[in-house]
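**Q** The sequence isn't on hand, but the structure is:
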C-alpha cells in the first residue's frame, strides 16, 4: 500500500484527532468539500441541487460501529426519516447503510432485522437500500445478510450491496450476486487489507475492477460502477459500446465533491450518474479515507482553507 494512503488510513483510526476534528470549526470547514453537512436538512438541500443537474444521489448518514441496541435503533431512525423525506421531496435518491452502524458487531441478528426493516420501508416508498461493504472481516456476514433479505418474498430489487475490486474473492462473489439477481455497486476499496486478502498492487486492483465491471455490464441487472478513474470509465464505456449495452442499463457513481466536472460531462453524454452524498456529525473516518484514496486532495483543501 502506498505510504500516503497508509498514513491517512492510520489517521482515520486516531480517536484524539477524530474528537478534535469533529468538534472544531476548522475541521467542519475542511470536511465540507466531501460532506454535505451535519443534518438531514443539509443532505436534502444538496440532493435537490444535484438532482437539478440531472444526476441521481445516494444519501448516507455517516457513522460506523455502535455499542448498544438503542444506538443502532437511533441510527436506523435517521434512515427511516431519510426514506420518508426522499419520497416527500420526490427526489431521485436512495440510501446507503453500513451494517456496523446497525449493530452488526454487537449482534448480527439485530443488524439484519434493522436492514430488513429499512429495505421494506424503501420498497414501500419506491426507493432502495444499498448495504455498504466494510473491511474484509465483515465481507461474508454482510453478503449473507443481504442475500437472505433479498430472497424474502417481495424484497427482490429493494436491497443491494457493494463489492470491492481489491479483494481476491470478489469475482466469485459477483458471480453469485448476479445469479441471485442482486444489484451491485463496484468500487476499488478503501480499507487497509493484508496481502493474503487483497491485491497489494494498484495495477492488479485496476485490472480486476475492469474485469468485474465487464461481468456486471453483461448481466441483465442494473448495477453501479463507482469510480473517478478516467481509465476505468473509458473501459466501461468502450465495453458497453462494443457489446451493444444501452446506457440506461447501468450507472456511473461518484463521490460528492470529487470530479464534479466529470459527473456533469457523463450526464451530458447521456449516461446515468449517481453521486454519493454523506452527511452527519461523525464525518472524520470517511473524510480521512477520501484523502487516503487521493492524497492530491490535501493540497486542494489547503489552498481552499487559506482563501
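**A** Perfect, thanks for sending it. Just so we're clear, the structure is a prediction, and the values are computed from it rather than from any experiment. Numbering: from 1, shown residues only.
**Q** Would you agree residue 61 is in contact with residue 78?
**A** Yes: the criterion here is CB atoms under 8 Å, and residue 61 meets it with residue 78 at 4.5 Å. No exception for glycine: its C-beta is placed from N, CA and C like everyone else's.
**Q** Least confident secondary structure element in this protein?
**A** Ranked by mean pLDDT, DSSP states H and E, the weakest helix or strand in the chain is helix 296-305, scoring a mean of 47.
**Q** Quick check: which helices or strands does the longest helix seen in the chain pack against?
**A** The longest helix of the chain (DSSP state H) is helix 69-88. Helix 69-88 is packed against helix 40-51, strand 56-61, strand 93-97, helix 108-125, with contacts defined by 3 or more CB pairs under 8 Å, 6 or more residues apart in numbering; DSSP states H and E.
**Q** list the helices and strands the helix or strand that the longest one is followed by packs on?
**A** Spelled out, it's helix 108-125. Using DSSP states H and E, the helix or strand that follows helix 108-125 towards the C-terminus is strand 129-131. The contact analysis (3+ CB pairs under 8 Å, 6+ apart) places strand 129-131 against strand 93-97, helix 108-125, helix 139-151, strand 159-164.
**Q** Number of residues surrounding residue 108?
**A** By the measure other CB atoms under 10 Å, the count of residues near residue 108 is 17.
**Q** ok, back up a step: could you check which of residue 61 and residue 78 has the larger neighbour count?
**A** Counted by other CB under 10 Å, residue 61 and residue 78 do not tie: residue 61 has more neighbours, with 24 against 18.
**Q** Nearest to residue 272, out of the helices and strands packed on strand 129-131?
**A** strand 93-97 (12.8 Å; CB to CB).
**Q** Parallel or antiparallel, which strands does the closest one pair with?
**A** Note on strand 93-97: by DSSP bridges, its sheet partners are strand 56-61 (parallel), strand 129-131 (parallel).
**Q** Pipe the ones you listed into TSV and attach distance to residue 102 per row.
**A** Conversion of those to TSV gives the following (distance: least, CB to CB, whole Å):
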stretch	distance to residue 102
strand 56-61	11
strand 129-131	9
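**Q** quick one, which of those strands is nearest to residue 70?
**A** Of all the strands paired with strand 93-97, it is strand 56-61 that lies closest to residue 70, at 16.1 Å by CB to CB.
**Q** who's in contact with that closest one?
**A** With CB atoms under 8 Å, 6 or more residues apart in numbering as the test, strand 56-61 has contacts from 40, 43, 46-47, 50-51, 75, 78-79, 82, 86, 91-97, 101, 130, 132, 251, 253, 272-280.
**Q** Now with 6 Å, please.
**A** Residues from elsewhere that reach strand 56-61 (CB atoms under 6 Å, 6 or more residues apart in numbering): 43, 47, 50, 78, 82, 92-96, 274-278, 280.
**Q** which parts of the longest helix of the chain are buried?
**A** 71, 72, 75, 76, 78, 79, 82, 83, 85, 86, 87 (16 or more other CB atoms under 10 Å).
**Q** so which of these comes closest to residue 237?
**A** Among the buried residues of helix 69-88, and counting by CB to CB, the member closest to residue 237 is residue 86, at 29.1 Å.
**Q** got a list of what that closest one touches?
**A** Under the criterion of CB under 6 Å, 6+ apart, the contact partners of residue 86 comprise 93, 127.
**Q** and the gap between it and residue 169?
**A** 33 Å (CB to CB, to the nearest Å).
**Q** I'd like the mean pLDDT over stretch 186-204, please.
**A** Averaging pLDDT along stretch 186-204 yields 93.
**Q** tell me how far the ends of it are from each other?
**A** 15 Å (CA to CA, to the nearest Å).
**Q** now the helices for the stretch 201-307 of the chain?
**A** 202-218, 230-242, 260-268, 284-293, 296-305 (DSSP state H, counting those that start in this stretch).
**Q** Can you tell me how far the residue lying closest to residue 278 once chain neighbours are set aside is from residue 270?
**A** Distances taken as CB to CB, 6 or more residues apart in numbering put residue 60 closest to residue 278, at 4.4 Å, once the chain neighbours are dropped. Here the criterion is CB to CB. By it, residue 60 lies 26 Å from residue 270.
**Q** contacting residues for residue 44?
**A** residue 85.
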